[in-house]
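J.: Need a 3D model of the following:
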Amino acid sequence: MEVHFSPEMENRITEAAAHSGYPTEEYVRELVERYLDEDTTFRDAVRKGFASLDSGNFVDEEEMNSRVQRMLRS
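T.: Residues are numbered from 1 along each chain as shown. Below you'll find the model as predicted:
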């Protein structure tokens, strides 16, 4: 697979890799892997949320506002 970046993006990647101490290629691979892991986690959480909604298991707006207010006071 080959990916092309704008010159500006290449500069950002090269600088970030240099600051991290990783070779640029390894840095990009690690970034993509981390992104994919986080994306999978996020999508799983969204699916679980929709499943809860579909089963009628949710907190209504009034209860959520009450919870937020309690959290802000503590």
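
J.: Please make it C-alpha for all contacts and neighbour counts, starting now.
T.: Will do.

J.: which SS class is Phe58?
T.: Classification of Phe58 by DSSP: H, G, I helix; E, B strand; the rest coil places it in coil.

J.: That one contacts Ser52, doesn't it?
T.: Yes - in this structure, Phe58 is within contact of Ser52 by Cα atoms under 8 Å, at 6.6 Å.

J.: residues touching Ala17, list them.
T.: Neighbour list for Ala17: Pro23, Thr24, Tyr27 [criterion: Cα atoms under 8 Å, 6 or more residues apart in numbering].

J.: State the distance from Glu62 to Arg12.
T.: Separation of Glu62 from Arg12 (Cα to Cα, to the nearest Å) stands at 45 Å.

J.: Same question for Thr40.
T.: With Cα to Cα as the criterion, Thr40 and Arg12 are 25 Å apart.

J.: cool, Tyr22 as well?
T.: With distances taken as Cα to Cα, Tyr22 is found 14 Å from Arg12.

J.: Can you point out the buried residues in the lowest-mean-pLDDT helix or strand in the chain?
T.: Lowest by mean pLDDT, DSSP states H and E among the helices and strands of the chain is helix 61-73, with a mean of 94. Of the residues in helix 61-73, none count as buried by neighbour count, 16 or more other Cα atoms under 10 Å.

J.: just how off-centre is it within its chain?
T.: When C-alpha coordinates are averaged (Cα atoms, centre = their mean, to the nearest Å), helix 61-73 and its chain have centres 25 Å apart.

J.: so what's Ala18 closest to, chain neighbours aside?
T.: Distances taken as Cα to Cα, 6 or more residues apart in numbering place Thr24 nearest to Ala18, at 7.4 Å, with adjacent residues excluded.

J.: Would you list the phi and psi of the one you found?
T.: phi -50, psi -50 (degrees, to the nearest 10).

J.: Contact partners for it?
T.: Going by Cα under 8 Å, 6+ apart, Thr24 touches Ile13, Thr14, Ala17, Ala18.

J.: at 10 Å instead, please
T.: Going by Cα atoms under 10 Å, 6 or more residues apart in numbering, Thr24 touches Glu10, Ile13, Thr14, Glu15, Ala16, Ala17, Ala18, Glu30.
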